[in-house]
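Colleague: Predicted model and sequence below, questions to follow.
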Amino acid sequence: MTAPVRSFDHEFAPTRIVFGPGRLAEVGEELARLDTSRAMVIMSGHAPGGDTVTAALGDRAALTWHEIAQHVPVDIAERATAAARDAGVDVIVSLGGGSATGLAKAVALELEVPIVAVPTTYAGSELTPVYGTTGGQRKRTGSDERVRPRVVLYDPELTVCLPAAVTGPSTFNAMAHCFAALWASAGNPLIAALAADAVRILTTSLPVVMRNPADLDARAGLQYGAFLAGTALGATGTGLQHRISHALGGRLGLVHADTHSVVLPYVVALNAPAVPDMVSRVRPYLGDDPGRALWELAARIGLPHDLATLGATDEALDGVAADVADTPNPVPASRDTIRALLDRAYRGREWR
Ligand code: NAD
């Protein structure tokens, strides 16, 4: 039994979704739909599907950009924007994880051109209007509808080569979006339903993929779950879990997705007593204690489950707690509460 339906607001995002194995070959048709013909292709040098994009676009690929780094360093964003301007591009095709999508957003913000995003991880950035650059004197973050990708092309074949060390944490990143949506004040019953279904398909597909990375059906399950999770993220935004991940990334340089697989179980355990609707929606997949079940899932598939292993130091966690204290959250996130949570995550080899 779920909670009674309250009044709510919801806006449908104007993003076209193209989903299915092999559909990357249709990227040229998506450019034509947008009435564009001079693409900047952002992809790492070894991106899966790079050859397919090159063949599909032909001379409509006006510029190919390979320099990508996590959290979009401002100097890379500025150089990429200058190159795109010089090449006269009228559309950006990004092929890669959240870092490639993030760079596409930084360029799109300046040039006001549409993005066709082809995600190859489960990060979810492709479904949000949120952008950010880091470093230098001109750090910018914000939300702007002009950077929300107009087309997202999900081709699960591109994820078959995603290493286990990225697959597991990236799936936890997607699950973090689901839990944030399940307790967000901006949440609504539509988003709660799809977030819960995302938890179902992510938790059932992940162990299969970790055993057999080439299982295309399970890979499609993970990517469909990531699509649902990203939709939830785009509708409700982030909360405490993401603030902690960003503070750990910013202060200690930890890899974004890795922090989710370590911290998410503790944030879910913290909030569970205050959000019975969340617990009842995920109970079929995670039982009565979803925080513990997430920790056990991470342990079962061999993910790191303590911040010490990721490279955090105990002393630095005081600063992280100070950064995120008082973030709106179902259970008040006092500095002491967050510090205690981080302590558990730091020593997280046993669930306690
Ligand atoms: P990432 O894009 O840095 O990718 C992680 C690693 O996986 C990289 O080394 C990449 O080259 C590799 N990789 C990606 N796809 C691959 C594939 N199919 N096969 C083999 N290797 C592959 O990391 P991420 O976790 O996807 O994204 C994290 C970034 O996204 C962070 O900067 C985070 O802040 C941002 N993000 C932004 C939003 C938003 O709404 N703006 C949402 C979620 C995440």
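Modeller: In hand now; what should we look at?
Colleague: Show me the strands in the stretch 1-150 of the chain, by range?
Modeller: For the stretch 1-150 of the chain, the strands defined by DSSP state E, counting those that start in this stretch cover 16-19, 39-43, 61-65, 91-96, 115-119, 130-133, 140-143.
Colleague: To Tyr285, which of these lies closest?
Modeller: Tyr285 lies closest, by C-beta to C-beta, to one member of those: strand 16-19, at 22.0 Å. Placement of C-beta: from N, CA and C, glycine included.
Colleague: Distance of Thr141 relative to the ligand?
Modeller: Relative to the ligand, Thr141 is positioned 9 Å away (C-beta to the nearest ligand atom, to the nearest Å).
Colleague: So that residue versus Pro330, what's the distance?
Modeller: The span separating Thr141 from Pro330 equals 24 Å under the rule C-beta to C-beta, to the nearest Å.
Colleague: if you count what's nearby, which of those two comes out ahead?
Modeller: Neighbour count, other C-beta atoms under 10 Å: between Thr141 and Pro330, Pro330 has more, with 18 against 11.
Colleague: Now for that one: which residues touch it?
Modeller: 183, 271, 274-275 (C-beta atoms under 8 Å, 6 or more residues apart in numbering).
Colleague: So is stretch 111-122 next to the ligand?
Modeller: Yes - looking at stretch 111-122 against the ligand by C-beta under 6 Å from any ligand atom, the contacts come from 120-121.
Colleague: wait, I meant stretch 212-227
Modeller: No - applying C-beta under 6 Å from any ligand atom, one finds stretch 212-227 separated from the ligand by no less than 9.8 Å.
Colleague: list the buried ones in that stretch?
Modeller: Buried residues in stretch 212-227, defined by neighbour count with 16 or more other C-beta atoms under 10 Å: 213, 215, 218-227.
Colleague: just curious, which of the residues you listed is nearest to Pro149?
Modeller: Phe227 (12.2 Å).
Colleague: So what's the gap between the lengthiest helix in the chain and the chain middle?
Modeller: If you go by DSSP state H, the chain has its longest helix at helix 189-211. Relative to its parent chain, helix 189-211 has a centroid offset of 14 Å by C-alpha atoms, centre = their mean, to the nearest Å.
Colleague: just checking, next helix/strand downstream of it?
Modeller: Using DSSP states H and E, the helix or strand that directly follows helix 189-211 along the chain is helix 216-236.
Colleague: So which elements touch that next one?
Modeller: Other helices and strands packing on helix 216-236, by 3 or more C-beta pairs under 8 Å, 6 or more residues apart in numbering; DSSP states H and E, are strand 16-19, strand 151-154, helix 164-183, helix 189-211.
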